[in-house]
Structures are given as structure tokens and as C-alpha cells.
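Trainee: got a structure for you, letters missing:
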DNA sequence: AACCCGGGGAC
DNA sequence: GTCCCAGGGTT
């Protein structure tokens, strides 16, 4: 098994793998790093447009390091997991100070926003380091290939999977890019969560799940989190003279960290208290699903005659909005 | 070890 | 609706 798997996967990747992605085949650390971070928990289809915009605006790590954090967040807005943007910026500055990206996974992993798997992906693609990634794709491929029965959410299972993954890497270092890409491509295009296409799989002959007909049962994942529910009232305040919006920046931690949003209130009376006696326009509720809770937002629209409300934030002119990072539901609300 | 962090694609 | 996604950071 150890010696048969990699050659089969590599040959398949070169012929049938994905070669048309914007970052395919790149060995430039900046481009590889940017793609890997954007692709964390985010699908290829979503990343494409963001990746192109980032490269255009920040062609290299020095351009990114020199940019204000707010400009990075504005460009990241809508992609989710905003700590990635903050860490991306901090990482760019660290790399610029170092004079370039480190060339080993161990060193890369010390940088902000680069964990074990991302560090190894960069090291494999750019520097041929013989260490395996372990993302969602690889966990699924390994669990099926080896009929790995443990709950992959458990720490012990993770440790074993890392060791198993490293035991499968190819002998020749120069094969690491194709091999690493092959793991991702296999998990993404054939060894899919549901209805895997085992008939086309290059390693079906080695696959214990395929032999046992248990593809649908593997991998085993336990964690089932209970989703909460939050409800807020959202004040859409427009200045009478020019329709400027009152926006406030979110704290550096928590949901929508660093993004700009309409003021949020825990109740309607709290919101109304800012505009005594004034009629509010009730807009349809917005239901926004996040990973850990469902968020119900009640937009209330009002005009502000002149001056400033007694709230944190600032007036933002309509034409200035593109320079601000707005969360996806607000972008939709404003149309 | 458990929890937090977005948004959307695919079914 | 549910599951998943080229995971990492914090507590």
C-alpha cells in the first residue's frame, strides 16, 4: 500500500486532475499562500473572483504588507471568516520583514493564519517538502482507503491520520506538488462525500472501503453542534441631505470582526429611543445563517435631519461604500 | 477538548 | 432543510 498509492495518484493527477484553476501549477509562495488561505473552509467557486481581485490589487506580498488593514478587509468582505483577512495582513508584514517566505513547513507554521495543513501545502507546492497535508478531502480519502473506523473529530484519530498521511507521500520530492494536488483533486472530484465515483478512481484497487462496499459509511464523524438563535434590530439611518449611511465598525474579535455595519440593537424600544416619536419604516426581516446560530435581523429605516446621532460610527457617503467592508447580508440589504 | 468564526454550493 | 468546504485561533 505505502509504495503503490502515490504513483497511481500522481499519474492520475497529471492526466485527469484539475489544471485550470487560477493557482494551478504555481510554485510562487505568495500566490500559493493566498489561494490556500482563501480556500480554508471555502469552496473553489467562491474563491475565484476574490483571488483575482486580490492579485490585481496586491500583486505581491510587499503590496499587501504596505496596505492598510481596512483595505484588506474591504476586499475580503463577503468571503467569511474575517480573522483570515486580519491574519493574512499580519502574515504579509511578517514575511516582508523576513525578506521572503520561509522555505520549510515548520517555519511557515509559525506565521499568523498558517496552520499545519496550510504550511505543508505551501511547502509541498513551492519547495517539494515531503510532508502531507490533512484537510477535509484527505481525511475522507484516507478513511475510505484504509477503512479507518475512528471518529475523525477526535484528537487521537487526527494524530493517527497525520501519521498515516505522511506514510503515503511519494519517494521523490519532485513529485510532491502533483501528489498534493492529486489528494485534493481526488477528494473534490471523485471521492466525494456522497456518491463517490469509484469506477473512475485510480486507487480503487487499493481501497478497503470500495472492497467492502462501505464508502457511504466512511469517514465517521460525530460532532453535531446545536445551533442557537439570535435576534437583533438593525438601524438603517440615512442623512436627509445626501442619503449618507451611519455605519459603525465591528470590534476586532467576534462576528464580522473589523467590518462595517448598521447599528445593532437588542430590542426595538432601544432602537426607537434614539429617534423619539419618529416613524420608522419596517423592512422585511432578514434571516442569516451562521455556523453556530441563526440570526434574525429586523431592519428599521429612518431619516436623520442633520448633525450626528449619539452613536459610535460615522456618516458614509454612498459613493464611498466600496471602500468599506460590509458583511454579505448588509450588502444585499442595501442592494 | 471544546468552542468560535461566514457564506454559499450542492443535494 | 442538511452537509460540506484546500482550517486556524483561542480558551
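Mentor: In hand now; what should we look at? Just so we're clear, the structure is a prediction, and the values are computed from it rather than from any experiment.

Trainee: for DNA strand B, what are the nearby residues on chain A?
Mentor: Proximity of chain A to DNA strand B (Cβ under 7 Å from any atom of the strand) is limited to residues A:41-43, A:45-46, A:77-83, A:154-156, A:194, A:225, A:254-257, A:288-292, A:327-329. Using the backbone N, CA and C atoms, a C-beta is placed for each residue, glycine as well.

Trainee: can you give me the helices in chain A?
Mentor: A:2-16, A:29-38, A:44-57, A:61-66, A:69-76, A:83-98, A:105-108, A:116-127, A:136-145, A:155-167, A:176-185, A:208-212, A:268-272, A:328-334 (DSSP state H).

Trainee: Pull up the per-residue confidence for the closest residue to DNA strand B within the stretch 51-200 of chain A.
Mentor: Going by Cβ to the nearest atom of the strand, DNA strand B is nearest to residue A:155 of the stretch 51-200 of chain A, at 2.0 Å. In this model, residue A:155 is scored at 93, pLDDT.

Trainee: What's the separation between it and residue A:292?
Mentor: 21 Å (Cβ to Cβ, to the nearest Å).

Trainee: which of the two has more neighbours?
Mentor: Shown here are residue A:155 and residue A:292; by other Cβ atoms under 10 Å, residue A:292 has more neighbours (11 against 7).

Trainee: The residue lying closest to residue A:137 once chain neighbours are set aside: how many residues sit nearby?
Mentor: Leaving out its chain neighbours, the residue that sits closest to residue A:137 by Cβ to Cβ, 6 or more residues apart in numbering is residue A:187, at 2.6 Å. Here the number of neighbours of residue A:187 (other Cβ under 10 Å) works out to 21.

Trainee: Same check on residue A:335?
Mentor: 4.

Trainee: repeat for residue A:100
Mentor: Residue A:100, neighbours per other Cβ under 10 Å, totals 10.

Trainee: ok, it - contacts?
Mentor: Neighbour list for residue A:100: residue A:29 [criterion: Cβ atoms under 8 Å, 6 or more residues apart in numbering].

Trainee: Taking chain A, what residue is nearest to DNA strand C?
Mentor: Counting by Cβ to the nearest atom of the strand, chain A gets nearest DNA strand C through residue A:115, at 2.3 Å.

Trainee: Would you agree that residue is in contact with residue A:121?
Mentor: No: judged on Cβ atoms under 8 Å, residue A:115 makes no contact with residue A:121 at a distance of 10.1 Å.

Trainee: Tell me the spacing between the residue lying closest to residue A:182 once chain neighbours are set aside and residue A:288.
Mentor: Distances taken as Cβ to Cβ, 6+ apart place residue A:13 nearest to residue A:182, at 3.3 Å, with adjacent residues excluded. Per Cβ to Cβ, residue A:13 is found 38 Å from residue A:288.

Trainee: Of those two, give the one with the bigger neighbour count.
Mentor: Taking neighbours as other Cβ under 10 Å, residue A:13 and residue A:288 compare with residue A:13 leading, 23 against 15.

Trainee: dump the residue contacts of the closest residue to residue A:22 other than its chain neighbours.
Mentor: Nearest non-adjacent residue to residue A:22, counting by Cβ to Cβ, 6+ apart: residue A:51, 5.5 Å away. Each residue near residue A:51 by Cβ under 8 Å, 6+ apart is listed here: A:22-23, A:34-35, A:38.

Trainee: how about a cut-off of 7 Å?
Mentor: Counting by Cβ atoms under 7 Å, 6 or more residues apart in numbering, residue A:51 makes contact with A:22, A:34-35, A:38.
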